[in-house]
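Peer 1: model this:
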Amino acid sequence: MIPPTSVTATTASAYNAAAAAAAATYMTAWSSGQFISDPMKLPPPPTSLEDIYATHDSMTSFAATDCNNFGGGIGGYKMGAIGLLDNVPCLYAPLFQNYIYNDDGSSSFSPSLSELNCHTLEAEIGFIIGKDLPPKKEESESGQDAVYTEDEIISAIESVVCCVELVGSRAIGDAWKEMTLKSKLADCVMAGGVLMGEKLTPTKATTFTSDSIRNITTSFVVDGKVQDEGCADLCPQGGPIESLTWLVHTLNSKNCGLQKGQLVISGMTSKIGSPTAGNNIEVTFDTNNGDPASSIQFSFKE
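Peer 2: Numbering: from 1, shown residues only. Presented below is the predicted three-dimensional model:
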């Protein structure tokens, strides 16, 4: 793993060791389901954004090198944490394939609260990537590295899908209470799982654009009562396409890229906290283009 350029050669070795140790703790808790309850067993809190992303990189390495035991490999990325760190607009974190659940409507989806340690639900606009977006190697006329245009990124989207992020943590009890904000962000920005619903299809007279996707509205209905409503313009950078574009450019700046088949969830549009087993939860997605709203319906088991 290559340390960020802001890490000096004299500190790189210790920096990577700390990140790898933190990643091992989180990934072991995640894969075993034995969440961290003792605050003394929490990894030391990261002190910077570079520390946070180094931990993510090490978690990604675990998933890539031992996918059978650690999450099934990288399934994509999540976006979020708007303004939680000074001078940082938002963060991204990896999603792991084993925790992306496809609700195809053929059976009743019933995720386990205890297995995911889920504490919050977020309605999100998801993108399935239809072709690789590797870093561009050529330089622009200004001498800077070339970047993908928004149109190029939109053309790489295979599908726009309804998603619910099952936000969780690898810490419980006293450990969760004492976990610092930066530690929660290092823990994959509290990614737990993603329920992926039906594809959103525009009318024949329109196509999805950054504006049309930004106008999608979502709502949480629990046991027949609306609990929260929101709009896709709450996403990082002001909209789902803008969020995806930021992610592509940020990954490219680190000599990384999105791959065909990966899922990107672009940020919270509406949410509820403290889900309870047995509640009937419906999350609606309305494109506001005259078509019926799409929805994901499920309930948790213990």
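
Peer 1: please name the residues that touch the residue nearest in space to the middle of the chain.
Peer 2: Centroid check for the chain by CA atoms, centre = their mean gives residue 78 as the closest residue, at 1.7 Å. Counting by CB atoms under 8 Å, 6 or more residues apart in numbering, residue 78 makes contact with 92-95, 124, 165, 188-189, 191, 194, 264-265. All C-beta spots, glycine's among them, are computed from the backbone N, C-alpha and C.

Peer 1: out of those residues, who's the most crowded?
Peer 2: Counting neighbours by other CB atoms under 10 Å, residue 124 comes out on top of these with 31 neighbours.

Peer 1: hmm, that residue is touching residue 263, no?
Peer 2: No - the criterion here is CB atoms under 8 Å, and residue 124 misses it with residue 263 at 10.1 Å.

Peer 1: still on that earlier bit, each with direction, which strands does the strand or helix carrying the residue nearest to the centre of the chain pair with?
Peer 2: Using DSSP states H and E, residue 78 maps to strand 74-80. In the sheet, strand 74-80 lines up against strand 91-96 (antiparallel), strand 263-273 (parallel) (DSSP bridges).

Peer 1: average model confidence for that strand?
Peer 2: Average pLDDT, strand 74-80: 96.

Peer 1: in a helix, that's where residue 246 is, yeah?
Peer 2: Yes - counting by DSSP: H, G, I helix; E, B strand; the rest coil, residue 246 is part of a helix.

Peer 1: how near is it to residue 60?
Peer 2: 19 Å (CB to CB, to the nearest Å).

Peer 1: more neighbours: which of the two?
Peer 2: More neighbours surround residue 60 than the other of residue 246 and residue 60, with 22 against 19 (other CB under 10 Å).

Peer 1: pLDDT value on the more buried one, please?
Peer 2: pLDDT, residue 60: 90.

Peer 1: what about the helices in the stretch 1-150 of the chain?
Peer 2: Counting by DSSP state H, counting those that start in this stretch, the segments of the stretch 1-150 of the chain that form helices are 9-32, 49-65, 113-116, 150-155.
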